[in-house]
Structure formats: C-alpha cells, structure tokens
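Chemist: what would the 3D arrangement of this be:
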Amino acid sequence: MKKNLTSETILNKKFSPDMKGYNGHEVDLFLDQILQDYRQIEQFIKDELPLLEQQSSLVQSLKKKIADLEIQVADMKDKVKVINSNKTVEINQDNFLLVKKIGIYEKELFKLGIDPNKLK
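Modeler: Reported below is the predicted structural model:
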C-alpha cells in the first residue's frame, strides 16, 4: 500500500502566505485534526497488520486442511461403497461356514450316538 502522506509530512507542511489565502490559524487547527486522525490510523495499521497477516496465514493453512479432509472423505466414501457391496458376500460366506461346521458337529454327535435334533 503506497501512502502519499505520513503523519510527519502533515506535521511539517508549511504553506506560503497569500493575501487572498485562508486564515492560517484555522488551517493549522484543521491540519492538527487531520494529523491526529492520521496518527491513529498509522498506529492501527502498525498494530493490526501483523495480526492480519497471521490470520491470513492461518486461513490458508485451514483451507489446505479442508481440501485434504475433503479428499479423505471422498476416499472413505469409496471404501464404504466397497465394504457395503462386499458385506452381503461376507455374510453369506460366514453363514456357509457356520452351516458347514454345524454339519460336522452333527455327524460327530451321531457317531457318539446322540441325536442333535433332540438337544435343546
């Protein structure tokens, strides 16, 4: 940001007198008010600019994290789709293995002379 004036240039500004000019005292009072406001603005900029730069850096960092998290969410959604599509197959395979084990246990019980259908 390029400034044309500083508080010092306002303070040190001298005007040449003119017969048709303005009242010098009024001009000085008005310039004093401008100088006071200008110093407040300069101090505000001095105090707040580093904070603004810090916050800007934080915003950029958070935007990057958001982008990374959006990618992770998309990956997770894809994995959930795959899991959901495989879930039925896995359940059917688990059920098949359980039925197979039950059949083996029933055969062993019959060999021992126990009817598994009569067990409760």
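
Chemist: point me to the residue sitting closest to the centre of the protein.
Modeler: For the chain, the residue nearest the mean C-alpha position is residue 62 (3.5 Å; C-alpha atoms, centre = their mean).

Chemist: so it: helix, strand or coil?
Modeler: Reducing the assignment at residue 62 to three states with DSSP: H, G, I helix; E, B strand; the rest coil gives helix.

Chemist: give me the pLDDT value at it.
Modeler: Looking at residue 62, its pLDDT stands at 95.

Chemist: list the contacts for it?
Modeler: By C-beta atoms under 8 Å, 6 or more residues apart in numbering, the contact list for residue 62 is empty. Every C-beta, even on glycine, is put in place using the N, C-alpha and C of the backbone.

Chemist: next one: residue 115
Modeler: Contact analysis of residue 115 by C-beta under 8 Å, 6+ apart lists residue 109.

Chemist: how near is it to residue 106?
Modeler: Note on residue 115: its distance to residue 106, by C-beta to C-beta, to the nearest Å, is 9 Å.

Chemist: show me where the protein has its helices.
Modeler: 7-12, 24-111 (DSSP state H).

Chemist: could you say which one of the ones you listed comes nearest to residue 18?
Modeler: Proximity to residue 18 (C-beta to C-beta) singles out helix 24-111 among those, at 10.1 Å.
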